[in-house]
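[1] structural data only, the sequence is not supplied:
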C-alpha cells in the first residue's frame, strides 16, 4: 500500500508524469522505460509487476483511479476511516 500511495502522490503532484501517463499515443515499451527510470528501484517487485501489467493492458491512463480504489479497499479492510477534528483551541 505504501508503494501505491507514494506513486499516487507522485502522479498527482508531477504534471509531466500525469500528462505522460494520459498520453495513449506513447508506446508501451516507452511507458515501461519511463516508469522504470523513476520507480524501479524504489518500489517492491510486486508493485513493479503490477505496473507492468497495467501498462501491458493499456490502462496506464487509469492508474490514478486504480490507486485510489485500491487504497480505499485497504482502508475498508483495515477498518480505517478519515476523520476531521474541529477544536475551539489549537491542539498539539
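    It's in. What you are looking at is a predicted structure, and each value in this text was computed from that prediction instead of being measured.
[2] all contacts plus neighbour counts: C-alpha atoms, from now on.
    OK.
[3] can you get me a residue count around residue 35?
    Residue 35: 17 surrounding residues under other Cα atoms under 10 Å.
[4] which strand or helix spans it?
    Per DSSP states H and E, residue 35 falls inside helix 28-39.
[5] ok, then the element right after that helix?
    From helix 28-39, the next helix or strand downstream (DSSP H and E) is helix 45-56.
[6] buried residues in the next helix or strand after that following helix?
    Per DSSP H and E, helix 45-56 leads on to helix 63-77 as the next helix or strand towards the C-terminus. Neighbour counts over helix 63-77 (16 or more other Cα atoms under 10 Å) mark 63-64, 66-67, 71 as buried.
[7] again with stretch 43-53
    Those would be 43, 47-48, 51-52, for stretch 43-53 by 16+ other Cα under 10 Å.
[8] correct me, but residue 56 touches residue 31?
    No. With contacts counted by Cα atoms under 8 Å, residue 56 stays clear of residue 31, the gap being 9.6 Å.
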